[in-house]
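Novice: A predicted structure for the sequence below; I have some questions about it.
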Amino acid sequence: MRIGVAATPDVAIPTLNWLLQSDHEIALIITQPDRPAGRGQVLQQTVVAEWAGGNQIPVVKPENPQELVGVIENSDLVLTIGYGVLLPESILSLPKYGFLNLHFSLLPAYRGAAPAQRALHNGEGVTGVTVFQLDKGLDTGPIFAQQSINIDPSWRSFELLQHLSNLGPDVVKKSIEMIENGESPRNQEGVPTNAPKISKSEAKIDFTQDANLIVNAIRAFTYEPGAWTLWKGESFKICATKGSSNPSGTPGQISVINKSVVVSTGTGSLELLRVIPAGKKEMDAIDWARGARLKGGEIFG
């Protein structure tokens, strides 16, 4: 098949690598336009655009979905992976077999922009990937293939997404084979749930919550947008933590106990493992505590 791929993030790379080595042809890559990035706000192309350039595959970066008219009609299908644009029906109908989407949840659970993050935030033990036919709804189309995975309690969102992305080639392969064999997808069954994009304000840590809820939030929000609090009036990110058996005190209060940095919560306490202070690189929490010269009783927030 001649396959177009509409993708933006690095989770698309395992599937792109498989397609490149398969009997199928990657006709073109569709990705988001270059955006300003970094302190210098230099224009930077997406990871997928970099991959396409390295493999000499044509790239288009439409500002508007209508720019795909006249571009994708010769493709048998277009596969989307975290493309980040809701496409109208007039575009979805252009390729011979329409558009498929590789989604990082077991649909109909966690429809939306942040399925892996929301699964972690809710303390799920199992998630997976789904390939389905795109329609006019938000992740509502019929399913070709799914594969599940157990979530390791230590995984954060970027680690879970790495594991989910590695499932992509198998479910995409199975889905394409179903199309080639004339097999139809099945309708989604079960109670749908939503996984909206996570805002920076939502990722602010609320130390009045139960310690386990905070652990799940930090896992979900690391590294994007980053779980954060305030330290001396500046943003302070916490990117790895675990529950602690140390007694709790005032929510947000910091203690150094046996070379461990412990923060009290509404119920229980947390041991901080890795942090990113404002203007600095990620470091061990105990190294930060030494540099901050904590006297005891300081409070985040």
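Specialist: Received it, and whenever you're ready, just let me know what you need.

Novice: which strands and helices sit next to the host helix or strand of Trp51?
Specialist: Assigned by DSSP states H and E, Trp51 falls within helix 47-54. For helix 47-54, the packing partners by 3 or more C-beta pairs under 8 Å, 6 or more residues apart in numbering; DSSP states H and E come out as helix 13-21, strand 25-30, strand 59-60. In this view, the C-beta of every residue, glycine as well, is placed from N, C-alpha and C.

Novice: now do 7 Å
Specialist: strand 25-30, strand 59-60 (3 or more C-beta pairs under 7 Å, 6 or more residues apart in numbering; DSSP states H and E).

Novice: among the ones you listed, which is the most enclosed?
Specialist: The highest average neighbour count among those, using mean count of other C-beta atoms under 10 Å, belongs to strand 25-30 at a mean of 22.

Novice: one step back: quick one, the helix holding Trp51 and helix 13-21 angle?
Specialist: If you take axes from the mean of the first three to the mean of the last three C-alpha atoms, to 10 degrees, helix 47-54 sits at 30 degrees to helix 13-21.

Novice: centre of the chain versus the helix or strand hosting Leu79, how much separation?
Specialist: In this assignment (DSSP H and E), Leu79 forms part of strand 77-81. Computed by C-alpha atoms, centre = their mean, to the nearest Å, the chain-centroid distance of strand 77-81 equals 18 Å.

Novice: Would you give the sheet partners of that strand, along with the direction of each?
Specialist: Strand pairing for strand 77-81, determined by DSSP bridges: strand 2-7 (parallel), strand 99-103 (parallel).

Novice: Include mean pLDDT and distance to Asp76 when you put the helices and strands packed on helix 47-54 into TSV, please.
Specialist: Output for the helices and strands packed on helix 47-54, formatted as TSV (pLDDT from 0 to 100; distance: least, C-beta to C-beta, whole Å):
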stretch	mean pLDDT	distance to Asp76
strand 25-30	98	8
strand 59-60	97	17
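
Novice: and Cys147, which of the three is it?
Specialist: That one is not Cys; residue 147 is Gln. When classified by DSSP: H, G, I helix; E, B strand; the rest coil, Gln147 comes out as strand.

Novice: how much space between it and Val126?
Specialist: Distance, Gln147 to Val126, using C-beta to C-beta, to the nearest Å: 11 Å.

Novice: With neighbour numbers in mind, choose between these two.
Specialist: Set Gln147 next to Val126 and count neighbours by other C-beta atoms under 10 Å: Gln147 wins out with 15 against 11.

Novice: Next, count neighbours for Ile257.
Specialist: 12.

Novice: who wins for proximity to Thr265 among the strands paired with strand 77-81?
Specialist: strand 99-103 (33.2 Å; C-beta to C-beta).

Novice: what mean pLDDT would you report for that closest one?
Specialist: Average pLDDT, strand 99-103: 98.

Novice: now for the helices and strands packed on helix 47-54, which one comes closest to Arg111?
Specialist: Of the helices and strands packed on helix 47-54, nearest to Arg111 by C-beta to C-beta is strand 25-30, at 21.8 Å.

Novice: Wait, Gly297 touches Gly252, no?
Specialist: No. The criterion here is C-beta atoms under 7 Å, and Gly297 misses it with Gly252 at 10.9 Å.

Novice: higher neighbour count, those two?
Specialist: Under the neighbour definition other C-beta under 10 Å, Gly297 and Gly252 were set side by side, and Gly252 has more, 19 against 10.

Novice: residues contacting the nearest residue to Ala52 once chain neighbours are set aside?
Specialist: Closest residue to Ala52 apart from its sequence neighbours, by C-beta to C-beta, 6 or more residues apart in numbering: Ile29 at 4.0 Å. With contact set as C-beta atoms under 7 Å, 6 or more residues apart in numbering, Ile29 has these partners: Val5, Val48, Ala49, Ala52, Ile57, Val59.

Novice: Let me know the closest of those residues to Leu79.
Specialist: Nearest member of these to Leu79, counting by C-beta to C-beta, is Val5, at 5.1 Å.

Novice: counting contacts, what elements does the longest helix belonging to the chain pack onto?
Specialist: Counting by DSSP state H, the longest helix found in the chain is helix 168-180. Packing partners of helix 168-180 (3+ C-beta pairs under 7 Å, 6+ apart): helix 13-21, strand 99-103, strand 126-133, strand 143-150.
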